[in-house]
Structure formats: structure tokens, C-alpha cells
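Student: 3D, please:
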Amino acid sequence: MPGHYIRRLQQVAVRLFAEEAGPDLTPVQFASLVAIAQLQDNGRGLGQAELAAHIGYDRATIGGVIDRLEAKGWVSRTASREDRRQNMLAVTPAGEQAMAQALPAVETVQDKFLAPLDASERAAFERICRKLLAHHVG
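Tutor: Predicted coordinates for the structure are as follows:
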């Protein structure tokens, strides 16, 4: 049952992330910081709904993720100039520092997670994951 294997692998990935990155940063928070920073660097603003879509997270709960990132001083929210109902997100200097500090742990997690696979298996695994996501998500 591939769905069961995928769920179990996701549990392993989250456990490895917690072991390496510690309790102050979750995979979703890290993905959020990276997405916000990338779009910010491209000169685009990013709203909460767009962030949720970008990282494949539930729109109803992304606000809580942003609340926690804002409480840590890693993200700021400002009202959009075009639509005051929408908050635009930006990574703060403290958030940039947190990402930089977490990056070695995140890279270690990837290496540990994929450790049983040789280089060609890793490439095939990633290619298959991207293909499945492209088909089901777009």
C-alpha cells in the first residue's frame, strides 16, 4: 500500500528533522521561511493564502504557523497595499539568521533520510516524487 509507506516515510522525515533541528523549528515553519524568502528575493510579496498553496499546506491552519513565526520574530506581516484584507509576509533579519543556522541540520536530515539509497536511487526517488506531485498537484 503506497499511501501507507508514504505516511510512514513522512513520519520518519519529521522525526529526523526534530532530532537535527531541535524543538524550535518544524518542517512546515522551515518550508514557510524558505518560500517567503525566495519570493521576497524575487521582488514579490507573498500572502498567507499563496504561501499555503506554495508549500502544500492547509489554508485554514497556515495562520497558526505564521503566528508562531511572527512570535519568534522571524516573519513580519503587513497589510497589502492592493487588498487590506490580505497580509503580506516578509522574513526578518532574525528569520534569515534562523534559516542559515538550520540549513546544516536540514541538509543532514536529507542525507540521513536518503542514506540507504545510492546516488542513482536517490535521483530516481526524487524524480518519481516530482512526477507524482506534478500529476496530483500540478
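
Student: ok, the residue nearest to Ala53 when sequence neighbours are not counted - contacts?
Tutor: Using CB to CB, 6 or more residues apart in numbering and skipping residues adjacent in sequence, the residue nearest Ala53 is Arg59, 7.7 Å away. In this view, the C-beta of every residue, glycine as well, is placed from N, C-alpha and C. Applying CB atoms under 8 Å, 6 or more residues apart in numbering, we find Arg59 in contact with 48-49, 52-53.

Student: which members of those residues are positioned in helices?
Tutor: Those of the contacts of Arg59 mapping onto helices are 48-49, 52-53, per DSSP state H.

Student: if we can go back for a sec, got the contacts of Arg59 as JSON lines, with pLDDT and distance to Thr26 columns?
Tutor: Output for these, formatted as JSON lines (pLDDT from 0 to 100; distance: CB to CB, whole Å):
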{"residue": "Gln48", "pLDDT": "86", "distance to Thr26": "17"}
{"residue": "Ala49", "pLDDT": "86", "distance to Thr26": "20"}
{"residue": "Ala52", "pLDDT": "91", "distance to Thr26": "15"}
{"residue": "Ala53", "pLDDT": "89", "distance to Thr26": "19"}
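
Student: return the entry from these with the maximum number of neighbours.
Tutor: Ala52 (20 neighbours; other CB atoms under 10 Å).

Student: surely it touches Ile62?
Tutor: Yes - with contact defined as CB atoms under 8 Å, Ala52 and Ile62 form a contacting pair (4.1 Å).

Student: for stretch 68-86, the distance to its chain's centre please.
Tutor: 17 Å (CA atoms, centre = their mean, to the nearest Å).

Student: can you list contacts of that stretch?
Tutor: Taking CB under 8 Å, 6+ apart as the rule, stretch 68-86 contacts 24, 29, 32-33, 36, 45, 47-49, 66, 87-92, 94-95, 98.

Student: need the buried ones from those residues selected in ChimeraX.
Tutor: One line in ChimeraX is enough to select the buried members of those, burial here meaning 16 or more other CB atoms under 10 Å:
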select :29,32,33,36,45,47,48,66,87,88,89,91,92,95,98
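
Student: what about the contacts of stretch 68-86, which are in strands?
Tutor: The strands in this structure, assigned by DSSP state E, contain 47, 87-91 from the contacts of stretch 68-86.

Student: please consider this matter closed, and thank you.
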